[in-house]
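In: build me a structure from this.
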Amino acid sequence: MKWEIPENITPPTMGGKYLWADLYLLDHWRIQKNILTDHYRLLDDHNNRRAQGSYQHCLEKLNHFKITLDLKFPSSHIFLILHGLGRHRKSMEKLTQFMNGHGFSAYSLNYPSTFLTLKDHTDNLEYLLNHLEGIDSISFIGHSLGGLIARSLLSRKEGWRKKIEAKHLIMLGTPNNGARIADMMSGSKLFHMIAGPSGQDVRPINVQKLSLPDIPTLVIAGGRGTKTGYNPIFGEDNDGIVTVNETKIDNMSNFKQVNVIHTTIMDHPQSLKAILDFIHQN
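Out: Below you'll find the predicted structure:
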């Protein structure tokens with residue numbers, strides 16, 4: 001006998017980490033899909049589960065709450081924040097709170113980074129973008145792989161791009177020329193198991209297929225300002241995982257290097273300041 005929690009009980013969740021993909025967003029409410037079971041759930045703004053089952057069922061429940069609670073985005077311009085490979089949306093919490101604290105409407109999205117390909121992640125988030133309500137313009141902030149997903153989204157010119165203006169792209173530690181470390185580890189079964197399909201998508205041969213962004217772009221790189229950086233195996237400055245040169249892109253509008261490692265580049269005060277300065281200038 002299958003046991004399920006009744007929907008009149010709203011148990012707290014962890015908001016979806018490694019196994020959940022956000023497919024629908026309305027302010028801080030979201031519909032997520034479990035990558036293993038293919039079932040859906042509706043989470044409220046406190047990550048309490050308000051419905052579960054099929055996507056249509058969760059959408060109907062959300063429409064009910066939209067009317068009864070007057071749910072809507074507080075602004076017609078939002079920032080969507082995308083975490084990196086092997087991370088989850090909570091890893092971008094400090095940055096999200098920073099943006100909200102400065103008067104922006106910012107939302108950190110979740111995607112199962114180690115289970116799907118870059119194309120799959122793009123497809124899921126494109127669906128989310130195509131179903132946004134009351135949004136006229138959007139900006140992206142991506143850490144590492146998240147920046148590549150944002151670039152992939154921007155390369156698609158139909159759907160949401162015909163009705164929503166894309167205003168800014170901000171990438172932190174993103175391997176815009178591909179990550180050499182992924183090439184180094186591509187023959188390792190352990191790397192395949194840990195990083196999943198996206199671990200292959202960040203290899204230089206695959207990243208080079210992405211289109212250049214067509215909106216104002218800020219690149220923030222981590223490094224020590226030395227010949228060996230944080231990881232001497234690269235023979236050039238790096239944040240421990242991605243080299244400074246790997247982050248640079250031909251048509252970037254601004255570039256900032258910060259003395260910080262890859263995993264915390266989005267939290268560094270200089271990164272946060274650079275983001276604000278870039279937004280105010282563009």
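
In: make it CA atoms for all contacts and neighbour counts henceforth
Out: Fine.

In: would you map out the domains in the protein?
Out: Annotated domains of the chain cover 1-72, 77-281 [automatic domain parsing].

In: quick one: distance of the first one to the chain centre.
Out: Relative to the centre of its chain, domain 1-72 is centred 19 Å away, using Cα atoms, centre = their mean, to the nearest Å.

In: SS state for Leu42?
Out: Following DSSP: H, G, I helix; E, B strand; the rest coil, the label given to Leu42 is strand.

In: quick one: contacts of the helix or strand bottoming out on mean pLDDT in the chain?
Out: Every helix and strand of the chain was ranked by mean pLDDT, DSSP states H and E. The lowest is helix 189-195, at a mean of 85. Residues from elsewhere that reach helix 189-195 (Cα atoms under 8 Å, 6 or more residues apart in numbering): Leu85, Gly86, Thr114, Met185, Ser186, Gly199, Gln200.

In: now the residue nearest the centre of the chain: how far from Ile215?
Out: In the chain, the residue lying closest to the centroid (Cα atoms, centre = their mean) is Leu82, at 1.2 Å. Counting by Cα to Cα, to the nearest Å, the gap from Leu82 to Ile215 is 17 Å.

In: which element is the nearest residue to Tyr127 once chain neighbours are set aside on?
Out: Residue nearest to Tyr127 in three dimensions, not counting chain neighbours: Leu23, with 6.5 Å by Cα to Cα, 6 or more residues apart in numbering. Here Leu23, judged by DSSP states H and E, is contained in strand 20-26.

In: and Thr243, bridged to which residues?
Out: Beta-bridge partners for Thr243, by DSSP bridges, are Asn238.

In: based on its surroundings, how many neighbours for it?
Out: For Thr243, the count of nearby residues is 30 (other Cα atoms under 10 Å).

In: just Lys90 next, same as before
Out: 17.

In: that's a helix at it, yeah?
Out: Yes: under three-state DSSP, Lys90 sits within a helix.

In: tell me which stretches of the stretch 151-282 of the chain form strands.
Out: Using DSSP state E, counting those that start in this stretch, the strands of the stretch 151-282 of the chain run over 165-172, 217-222, 254-258.

In: would you format these as TSV with distance to Leu128, mean neighbour count and mean pLDDT included?
Out: Listed next are the strands of the stretch 151-282 of the chain as TSV, based on distance: least, Cα to Cα, whole Å; neighbours: other Cα atoms under 10 Å; pLDDT from 0 to 100:
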stretch	distance to Leu128	mean neighbour count	mean pLDDT
strand 165-172	15	23	98
strand 217-222	22	27	98
strand 254-258	28	17	98
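
In: now the contacts of helix 189-195: which count as buried?
Out: Neighbour-count burial (16 or more other Cα atoms under 10 Å) applied to those gives Leu85, Gly86, Thr114, Gly199, Gln200.

In: restricted to helices, list those residues.
Out: Gly199, Gln200 (DSSP state H).

In: state the pair within the buried ones among the contacts of helix 189-195 that is farthest apart.
Out: Using Cα to Cα, these span at most 13.2 Å, a distance reached by Gly86 and Gln200.

In: quick one, what contacts the closest residue to Asn177 other than its chain neighbours?
Out: Counting by Cα to Cα, 6+ apart, Asn177 lies nearest to Glu246, which is 4.9 Å off, once chain neighbours are set aside. With contact taken as Cα under 8 Å, 6+ apart, Glu246 is in contact with Thr174, Pro175, Asn176, Asn177, Gly178, Ala179.

In: isn't Glu93 up against Ser108?
Out: Yes: counting by Cα atoms under 8 Å, Glu93 touches Ser108, with 7.3 Å between them.
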